[in-house]
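Colleague: sequence first, then the predicted structure:
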There are 2 protein chains.
Amino acid sequence: MSIEKTATRRRRRLPEEARREALTSARALLLSGGPDAVTLSAVAGEIGVTHANLIHHFGSAAGLQSALMASMVADLTQALDEAVARLRTDEGAPLELVNAVFDAFSTGGAGRLAAWIALSGDLSHLEPVRAAVQNLVDAISDKMGVQDAQARQGMGAAVLFIALSAFGEALIGPPLRDMLDQPDDAARRVVASLLPRFLITKPPTGS
Amino acid sequence: MSIEKTATRRRRRLPEEARREALTSARALLLSGGPDAVTLSAVAGEIGVTHANLIHHFGSAAGLQSALMASMVADLTQALDEAVARLRTDEGAPLELVNAVFDAFSTGGAGRLAAWIALSGDLSHLEPVRAAVQNLVDAISDKMGVQDAQARQGMGAAVLFIALSAFGEALIGPPLRDMLDQPDDAARRVVASLLPRFLITKPPTGS
DNA sequence: TTTTCAATTGACATCGATGTAAATGACATT
DNA sequence: AATGTCATTTACATCGATGTCAATTGAAAA
């Protein structure tokens, strides 16, 4: 028998679908192998296309990376916005928001994303996060009945504190916890236990 | 005029000196340009040698990277040990130790180092830090007069909390603080203000 | 069916990073 | 001064990632 090209009748995707598949694969590669693992060849191989095809859709390798950053940043902001929405509607506890942030950074991959962006120096990609973060501060401030600017500044400090902890936990939490004989949820519990320090505000002190 | 080789009478260094210069340059490149900037050509160019020379001294590009990680990890553990020593001798305040940790991660470059290691997956390089970290927990525990195992566990959580915050501040602190209108020392102040929560234990003997 | 569009591919070119081997020369020892 | 060691260089080879371009082909439109 001869060697046939039974291989594969080409599959033609819509551009948006092609981009979606590529970004999903690229995201998995980033989380599993780090930034250097996100190459045109690797992504192309995972979704069964050629690297030239990716260049066609993203313009260049840098274009793919940029699109990946934008995509993951969008996921992060969406996760934050949803957490804010839950906080505003029912009696969503601030603790639930802390968990949402930690999940976004660890499971969601925002931690590795942020580290990648920070190390590469492309801080501009973080810009879309600004609105979500400030929205988050507003939500907590409202929830806690904060009014004066100074107390609002304190809420900003609380958000900074939560985000830094969640980011650190996502990246170096596991090995560090191992060194310190700390349980898996140590970081969250610490943040949760420390949070009241910030969120307890004095009622308008007239006395 | 003829092209002369006035150029460069070779400079012959001792192996350890050559390695030292290379690692110093590599460290600067890592901090300024990220992991991808640490190439044989770049390091060689900075110290005025050829890339083949670096391979001679470090065996391979991976060898250079590994040596850089080891060198920076050694600097970090030394910084931690010195901070512990100051804490043990005089009345070095815990706050001073917090500042030392933050400086090590930001100025010292331990933050970018840890992120690089975490993203690359070479967690083994962090192993030498284990002893320094545990030593740090011991020092704080002694300072605070902690005795029972449970309270010591709390000290470990405090160290985890400080380290995660310092790491996060070093990597994504600046852009995040900008988004939140927080001052440069916001992260340190938060940690400092929250620390008593952990360090306040039963009054130690004497006073 | 025929035509048209563009997603997709294959082949090729380029560039940078890494690695190898032989030759060179700086410096200590004799 | 003669010699040996080895740090250093030069030249070359390799490999992977990126990019270009013409040809192919799936699928909708005519």
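Modeller: It's in. Note that this is a predicted model, so its numbers are computed, not measured.

Colleague: touching chain B at all, stretch A:123-143?
Modeller: Yes - contact of stretch A:123-143 with chain B (CB under 8 Å from any CB of the partner chain) involves A:123, A:126, A:129-130, A:133-134, A:137. For the C-beta atoms, the positions are set from N, CA and C on the backbone; glycine is no exception.

Colleague: what about whatever helix or strand residue A:71 lives in, near DNA strand C?
Modeller: Using DSSP states H and E, residue A:71 falls within helix A:61-88. No - Helix A:61-88 stays clear of DNA strand C (CB under 7 Å from any atom of the strand), getting no nearer than 12.1 Å.

Colleague: packing partners of that helix?
Modeller: Counting contacts by 3 or more CB pairs under 8 Å, 6 or more residues apart in numbering or on different chains; DSSP states H and E, helix A:61-88 is packed against helix A:15-33, helix A:40-47, helix A:51-58, helix A:94-105, helix A:110-120, helix A:129-144.

Colleague: so can I have JSON lines of these showing mean pLDDT?
Modeller: What follows is the helices and strands packed on helix A:61-88, written out as JSON lines (pLDDT from 0 to 100):
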{"stretch": "helix A:15-33", "mean pLDDT": "98"}
{"stretch": "helix A:40-47", "mean pLDDT": "98"}
{"stretch": "helix A:51-58", "mean pLDDT": "98"}
{"stretch": "helix A:94-105", "mean pLDDT": "94"}
{"stretch": "helix A:110-120", "mean pLDDT": "98"}
{"stretch": "helix A:129-144", "mean pLDDT": "95"}
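
Colleague: nearest to residue B:23, of the ones you listed?
Modeller: Proximity to residue B:23 (CB to CB) singles out helix A:110-120 among the helices and strands packed on helix A:61-88, at 19.0 Å.

Colleague: and the angle for that closest one with helix B:15-33?
Modeller: 110 degrees (axes from the mean of the first three to the mean of the last three CA atoms, to 10 degrees).

Colleague: what sits up against helix A:110-120?
Modeller: For helix A:110-120, contacts defined as CB atoms under 8 Å, 6 or more residues apart in numbering or on different chains pick out A:30-31, A:34-35, A:69, A:72-73, A:75-76, A:79, A:104-105, A:123, A:125-126, A:166-167, A:169-171, B:34-36, B:112, B:115-116, B:118-119, B:171-172, B:175.

Colleague: what are the buried residues along the helix holding residue A:71?
Modeller: For helix A:61-88, a neighbour-count test (16 or more other CB atoms under 10 Å in any protein chain shown) marks A:64-69, A:71-73, A:75-77, A:79-80, A:83-84, A:86-87 as buried.

Colleague: now do it: distance to the chain's middle.
Modeller: 6 Å (CA atoms, centre = their mean, to the nearest Å).

Colleague: next one: stretch A:48-65
Modeller: Distance, centroid of stretch A:48-65 to centroid of chain: 23 Å (CA atoms, centre = their mean).

Colleague: quick one: is it near DNA strand D?
Modeller: Yes - using CB under 7 Å from any atom of the strand, stretch A:48-65 reaches DNA strand D at A:51-52, A:55, A:60-62.

Colleague: quick check: what element follows the lengthiest helix in chain A along the chain?
Modeller: Ranked by residue count under DSSP state H, the longest helix found in chain A is helix A:149-179. For helix A:149-179, the following helix or strand on the C-terminal side (DSSP H and E) is helix A:186-194.

Colleague: quick check: buried residues in the helix or strand that that next one is followed by?
Modeller: Using DSSP H and E, the helix or strand that follows helix A:186-194 in sequence is helix A:196-199. By neighbour count on 16+ other CB under 10 Å, the buried set for helix A:196-199 is residue A:198.

Colleague: repeat that for stretch A:131-144.
Modeller: A:132-133, A:135-137, A:139-141, A:143-144.

Colleague: if we can go back for a sec, quick check, nearest of the residues of stretch A:48-65 next to DNA strand D to residue A:96?
Modeller: residue A:62 (38.0 Å).

Colleague: which parts of chain A sit against DNA strand C?
Modeller: A:10-15, A:18, A:48-50, A:52-53, A:56-57.
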